[in-house]
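S.K.: predicted coordinates and the sequence they were generated for:
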Amino acid sequence: MAISVVIADDQEMVRTGFRMILESQPDIEVLADVVDGTAALSAVERLRPDVLLLDIRMPGTDGLEVTRLLAERAAAHPEYGHKPRIVIVTTFDLDAYVHAALHGGASGFLLKDASPAMLVEAVRAAAAGDALISPAITVRLLRELAPATAGGTTRTLAEPLTDREQDVVRALARGRTNAEIAAELYVSLSTVKTHLANVQVKLDARNRVEIAAWAWESGLARGSTGGGPAAP
């Protein structure tokens, strides 16, 4: 079945461009594109899309508020409170709202000038329960904002990360894909996925976005990643 998508952005050119890119893919269907957060909430309730592409700054109800309201709705009414996977799309200006949305459970972050391939990949990753973050957002936004939010807010690990898990998390926090992490650390793709799954459990994180945020907040991402072949 095709991945169903709703696009919410107050710029018509952005909505049109995203629709053209996504509708060119055989496995993605755009159900609607809307101009603000209120219309986005209505479209989600009416159409129940798999993925919501959401701008941060829109008139009226903005993207951050939409993210919060959808999470509240799903928690209050799990039997019918549909919550799509949310991919935030931003112009990126070190906006603290993006960091807040990350902690609100968004499943991905892209710059509006991201390549068409990255937009498609982000939608597919979100629909599969994974997340994709533009490397520039991962490195610049999280690195800049983590010092301001780290005091007293860093997650507590259920148990310590292994050395290899730390290496994987550092690479993830710098925007690497799973395939790039595997190549960098000389391990298999399945090993990378296993390490990330273990870290997610230890952190009680909802997705790799929250893992990346924790890596910057805790200071782990500022360490060096061990290079060269090593046992998985």
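M.R.: Perfect, thanks for sending it.
S.K.: got the contact list for the helix or strand A197 falls within?
M.R.: If you go by DSSP states H and E, A197 is part of helix 189-203. With contacts defined as C-beta atoms under 8 Å, 6 or more residues apart in numbering, helix 189-203 is touched by 155, 157-159, 161, 164-165, 168-169, 172, 178-179, 181-182, 185, 205-208, 210-211, 214, 232. Placement of C-beta: from N, CA and C, glycine included.
S.K.: now the helix or strand that that helix is followed by: average pLDDT?
M.R.: Proceeding N to C from helix 189-203, the next assigned helix or strand is helix 208-218, under DSSP H and E. Across helix 208-218, pLDDT averages out at 82.
S.K.: now helix 208-218 - C-alpha only, PDB.
M.R.: Extracted C-alpha coordinates of helix 208-218, given in PDB (Å, rounded to 0.1, in the frame of the first residue of the first chain):
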ATOM      1  CA  ARG A 208      16.900   7.900  16.500                       C
ATOM      2  CA  VAL A 209      16.100  11.600  16.700                       C
ATOM      3  CA  GLU A 210      15.900  11.500  20.500                       C
ATOM      4  CA  ILE A 211      19.100   9.400  20.500                       C
ATOM      5  CA  ALA A 212      20.900  12.100  18.600                       C
ATOM      6  CA  ALA A 213      19.500  14.900  20.800                       C
ATOM      7  CA  TRP A 214      20.700  13.000  23.900                       C
ATOM      8  CA  ALA A 215      24.200  12.500  22.400                       C
ATOM      9  CA  TRP A 216      24.600  16.300  22.100                       C
ATOM     10  CA  GLU A 217      23.000  17.100  25.400                       C
ATOM     11  CA  SER A 218      25.100  14.600  27.300                       C
END
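S.K.: for the most centrally placed residue in the chain, what are phi and psi?
M.R.: In the chain, the C-alpha closest to the average C-alpha coordinate belongs to G108, at a distance of 2.0 Å (C-alpha atoms, centre = their mean). G108 adopts backbone torsions of phi -180, psi 160, taken as degrees, to the nearest 10.
S.K.: where does this protein have low pLDDT?
M.R.: Where the chain drops to pLDDT under 70, the residues are 79-81, 92-95, 97-98, 135-154, 224-232.
S.K.: dump the host helix or strand of A125 to CSV, restricted to CA.
M.R.: Element membership of A125, judged by DSSP H and E, is helix 116-127. Below are the C-alpha coordinates for helix 116-127, written out as CSV (Å, rounded to 0.1, in the frame of the first residue of the first chain):
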residue,chain,number,x,y,z
PRO,A,116,14.2,15.7,-3.5
ALA,A,117,15.8,12.3,-2.7
MET,A,118,16.2,13.2,1.0
LEU,A,119,12.6,14.4,1.2
VAL,A,120,11.4,11.0,-0.2
GLU,A,121,13.8,9.1,2.1
ALA,A,122,12.5,11.1,5.1
VAL,A,123,8.9,10.2,4.3
ARG,A,124,9.7,6.5,3.8
ALA,A,125,11.8,6.4,7.0
ALA,A,126,9.0,8.0,9.0
ALA,A,127,6.4,5.7,7.7
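S.K.: packing partners for the following helix or strand past it?
M.R.: Note on helix 116-127: by DSSP H and E, the next helix or strand toward the C-terminus is strand 132-133. Using 3 or more C-beta pairs under 8 Å, 6 or more residues apart in numbering; DSSP states H and E, the elements in contact with strand 132-133 are strand 108-111, helix 116-127, helix 208-218.
S.K.: and the shortest one, what does it pack onto?
M.R.: It refers to strand 108-111. When contacts are defined as 3+ C-beta pairs under 8 Å, 6+ apart, strand 108-111 packs onto strand 85-90, helix 116-127, strand 132-133.
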